[in-house]
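Trainee: Pasting the sequence and the predicted model now:
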Amino acid sequence: MSWGRVNRPSDVLKVGEQIRVKVLKTDPVARKISLGIKQLSPDPWISAGQTFTAGQRVRGKVSRVTEFGAFVELEPGVEGLIHLSEMSWSRKSPKPGEIVKPGETVEVVVLNVNANERRIALGLKQALGDPWEEIEARFPAGKVVEGPVVSLQPFGAFVELADGVEGMIHIGDISREKRLKHPKEVLSPGQAVKAVVLEIDRDKRRLRLGMKQLEPTTADEFMGEHRPGDIVTGRVAELSGGWAKIELGEGITARCRILQQSEAGTPPRAEIRRADLEALTAMLSTKWKQGKSSAAPHAEPVRTGQVRSFKIVSLDPAEKRIELELT
């Protein structure tokens, strides 16, 4: 009756209607004659190979939806298939009926044409645009993002940031508080989480996220409680190139500019340690608790392992940098 899909004969013909047909076959024995209407017009698939080409963007009407995809009528008698895998960039597998409906007009991209087998492969997600093409602009490193947890693996958790875009939080980047054996100890599928973008690899379609990076560190807390000019006590951990690395507490380090000094005449390391240990208790009780010292400034050379008083010169929370000077 038609090169296109016909659900019911009554959709095409009416009783009593005069029509023109072509005789296809006769069977005198069975007293049957086969007739055709569509044969009076050209087969649209003959020219489909020239009409539709790979990469072409076209519009069509969804004719039917199946479990594996949806058929789209591009012109009467010519249908293409959008396979389920070409419907969405998301790694999830939604049902085709959740994406398109029969009778709906959609824009698609022609992926492949095989006129001899009367097949055209179509892509819906390609017409929508690959979300990874502009991933650096949408999710730059350092940006704080939020999304639901879509899956948990022993090595980490996957978070959906947009349709077709998921980020992975490695198990070591989930929490500072404790060492996790499995992400399920603190996360569950569907849970909304906040994280910061740590790294992007567009070619491999990978986006690395971190949750613990949003948690305040001991250095953050220290800088929140102190101001430039405060007197603090710290341990000289390292000397290099006119600078000293100072430990102000667990996980809190600062740097202090020192004058170039000769190591000549410096007591043996064992004696330095004994002297420091003898003074450590008294200095901690008066300086760590009070945050300042009434003692006269130290004239002795700065040595690794010493516990001394310093004045805060500057605090940079963004760079997590603390600069000190000797008191």
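Mentor: The structure has been received and is ready for your questions. Keep in mind the model is a prediction, meaning the values are calculated, not measured. Numbering: from 1, shown residues only.

Trainee: Can you get me a residue count around Gly142?
Mentor: 9 (other C-beta atoms under 10 Å). Quick note: C-beta positions are derived from backbone N, CA and C, even for glycine.

Trainee: so what's the backbone phi/psi at Ser175?
Mentor: When read as degrees, to the nearest 10, the backbone of Ser175 gives phi -150, psi 150.

Trainee: That one reaches Pro183, doesn't it?
Mentor: No: the pair Ser175 and Pro183 fails to qualify as a contact (C-beta atoms under 8 Å) at a distance of 9.6 Å.

Trainee: Can you pull the phi and psi angles for the spatially closest residue to His170 that is not a sequence neighbour?
Mentor: Nearest residue to His170, sequence neighbours excluded (C-beta to C-beta, 6 or more residues apart in numbering): Gly156, at 4.5 Å. Taking degrees, to the nearest 10, you get phi 170, psi -170 for the backbone angles of Gly156.

Trainee: which SSE is Gly55 in?
Mentor: Using DSSP states H and E, Gly55 maps to neither a helix nor a strand.

Trainee: What separation do you get for it and Lys92?
Mentor: 27 Å (C-beta to C-beta, to the nearest Å).

Trainee: So these two - more neighbours on which side?
Mentor: Legend: neighbour count by other C-beta under 10 Å for Gly55 and Lys92, higher for Lys92 (11 against 8).

Trainee: The nearest residue to Ile46 once chain neighbours are set aside: neighbouring residues, count only.
Mentor: Excluding the flanking residues, the one nearest Ile46 by C-beta to C-beta, 6+ apart is Ala115, at 7.4 Å. With neighbours defined by other C-beta under 10 Å, the count for Ala115 comes to 18.

Trainee: i'd like the first residue to be 33 from this point on
Mentor: Let's use 33 as the start, then, which means that last one is Ala147.

Trainee: Ala147 against Trp77, yeah?
Mentor: Yes: look at Ala147 against Trp77 with C-beta under 8 Å: they come within range, at 5.5 Å.

Trainee: list the residues that contact both of those two?
Mentor: Among the neighbours of Ala147, none is also in contact with Trp77 (C-beta atoms under 8 Å, 6 or more residues apart in numbering).

Trainee: what's near enough to touch His202?
Mentor: Contacts of His202 (C-beta under 8 Å, 6+ apart): Phe187, Gly188, Arg240, Gly242.

Trainee: In terms of neighbours, single out the busier of Ser207 and Pro215.
Mentor: Neighbours were counted for Ser207 and for Pro215 using other C-beta under 10 Å; Pro215 has more, 22 against 16.

Trainee: how about the more buried one, what does it touch?
Mentor: Leu184, Gln185, Pro186, Gly188, Ala189, Ile201, Ile203, Ile206.

Trainee: Swap in 10 Å and give it another go.
Mentor: By C-beta atoms under 10 Å, 6 or more residues apart in numbering, the contact set of Pro215 is 181, 183-190, 201-203, 206-207.

Trainee: quick one, phi/psi of it?
Mentor: Per degrees, to the nearest 10, the backbone of Pro215 is at phi -60, psi -30.
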